[in-house]
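Trainee: below are the sequence and a predicted model; questions follow.
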Amino acid sequence: MTDIVENDTTANDTTASGTDATRAKVDAARSIERLRLAEGRLARRRQNECGPSENARAATRFIFDMSDQGVAVTPTDVAEHLGISTPSVTGILNRLHTGGIITFLRHPDDGRSKYVVPLDRDGDIDGIDPLTAQIRGLADTLTADQAAAVAAFIDLVTDAVDDECR
């Protein structure tokens, strides 16, 4: 224990900028924790009172984004993207179909398979998930360097969350 204290001379040599940097890092970690808690509260509210579930919203965004890129997706693709079972996705997709958000097209090469596509691609995805639209607007206020730093940090946090309890 003495060696650690004697060899850790840099701990007592923190400058004002070092203290500010440490504070900023702690603030970043606390901000992510607040975000995780807020997302948990939002998920619970959405389960009870706000229309489509988070998985349904994520499926819709994925289907619309892939359609914009000209990529046809199957229910299995949606399940893999969401990290849930295909039977769970079937229920979600059926509700989105009933709600007039998506439709199914027969796979041209496999009669047992189908593609999932937006029913009306001119429809307002932001109306389905207004929070995503608001987040995109907030991201527009960042400089390119700020956006890259935020994205890199959030990607690291996402990887840590995904690796938890595996």
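Mentor: Noted; the coordinates are in hand.

Trainee: only the buried residues of stretch 132-140, if you could.
Mentor: Across stretch 132-140, burial judged by 16 or more other CB atoms under 10 Å covers no residue at all. Placement of C-beta: from N, CA and C, glycine included.

Trainee: just stretch 57-64 next, same as before
Mentor: Within stretch 57-64, the residues that qualify as buried are 57-60, 62-64, counting by 16+ other CB under 10 Å.

Trainee: reformat the residues you listed as a markdown table; add distance to residue 115, pLDDT and secondary structure.
Mentor: Shown next, in a markdown table, are the buried residues of stretch 57-64 (distance: CB to CB, whole Å; pLDDT from 0 to 100; DSSP: H, G, I helix; E, B strand; the rest coil):
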| residue | distance to residue 115 | pLDDT | secondary structure |
| --- | --- | --- | --- |
| 57 | 20 | 84 | helix |
| 58 | 18 | 89 | helix |
| 59 | 14 | 93 | helix |
| 60 | 15 | 90 | helix |
| 62 | 13 | 93 | helix |
| 63 | 10 | 94 | helix |
| 64 | 14 | 90 | helix |
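
Trainee: out of the residues you listed, the closest to residue 113 would be?
Mentor: Relative to residue 113, the closest of the buried residues of stretch 57-64 is residue 63; by CB to CB it sits at 15.5 Å.

Trainee: quick check: that closest one vs residue 74, distance?
Mentor: The spacing between residue 63 and residue 74, counted by CB to CB, to the nearest Å, is 11 Å.

Trainee: which residues are in contact with both of the two?
Mentor: Jointly contacting residue 63 and residue 74 under the rule CB atoms under 8 Å, 6 or more residues apart in numbering are residue 116.

Trainee: end to end on stretch 78-91, go ahead and measure it.
Mentor: Stretch 78-91 has an end-to-end distance of 12 Å (CA to CA, to the nearest Å).

Trainee: so where's the chain uncertain?
Mentor: In the predicted model of the chain, residues 1-16, 46-51, 120-129 satisfy pLDDT under 70.

Trainee: quick check: domain ranges of it?
Mentor: Split into domains by automatic domain parsing, the chain comes to 18-50, 52-124, 129-166.

Trainee: tell me the most buried of those?
Mentor: Among the domains of the chain, domain 52-124 has the highest mean neighbour count (mean count of other CB atoms under 10 Å), at a mean of 15.

Trainee: rewinding a little: I'd like the buried residues of stretch 57-64 as JSON lines, with distance to residue 150 appended.
Mentor: Shown next, in JSON lines, are those (distance: CB to CB, whole Å):
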{"residue": "57", "distance to residue 150": "22"}
{"residue": "58", "distance to residue 150": "20"}
{"residue": "59", "distance to residue 150": "25"}
{"residue": "60", "distance to residue 150": "24"}
{"residue": "62", "distance to residue 150": "22"}
{"residue": "63", "distance to residue 150": "26"}
{"residue": "64", "distance to residue 150": "23"}
